[in-house]
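# Any chance you can model this:
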Amino acid sequence: MRYQHKYRNFFLKRGRSFVYAWQGILSLFGHEPNAKIHLSVAVLVVAAGFVFGINSTEWCLVALCIGGVFMAEAFNTAIEKLCDKVSPGQDPLIKIAKDVAAGAVLLFVFGAVTVGLIVFLPKIIALF
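The predicted structure is shown next:
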């Protein structure tokens, strides 16, 4: 009986961690303007994927890029919020940390756009 209680608590804690993660996702897309922009672009890219009939490998690349951009934006937001909490005033090191985190998102977006061009540009050219 004691072991069942131990496993029950384990699964309850895992369940709570999913709830907290969903709260974070909802906060990201509910309050961060850049995340909303990324989400809008992702919806357009997925729609384009259906319109152009991309293959499974291309879907994998697109999905990884979308997930990566969302992940980078989430890390950037977390870093910015933490920096704002620990140093509400101007601090040159905090500025660097926030700028580098934002730059990381931009770098990933550049990579995602490159993948998008590789996947979609030939299909768009084929229309003409």
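
# going forward, measure contacts between C-alpha atoms and count neighbours the same way
Fine.

# Who are the packing partners of the longest helix along the chain?
When the chain is parsed with DSSP state H, its longest helix is helix 92-126. Under the contact criterion of 3 or more Cα pairs under 8 Å, 6 or more residues apart in numbering; DSSP states H and E, helix 92-126 touches helix 56-86.

# Buried ones in the helix it packs on, by neighbour count?
58-59, 62-63, 65-66, 68-77, 79-80, 83 (16 or more other Cα atoms under 10 Å).

# now do stretch 120-128
Phe120.

# What lies in contact with it?
Outside stretch 120-128, the residues within contact range by Cα atoms under 8 Å, 6 or more residues apart in numbering are Phe52.

# Tell me how far that stretch lies from the chain's centre.
27 Å (Cα atoms, centre = their mean, to the nearest Å).

# Then stretch 88-107?
18 Å.

# in the chain, what spans have low per-residue confidence?
By pLDDT under 70, the low-scoring segments of the chain are 1-7.

# repeat that with 80
Counting by pLDDT under 80, the chain has low-confidence residues at 1-8.
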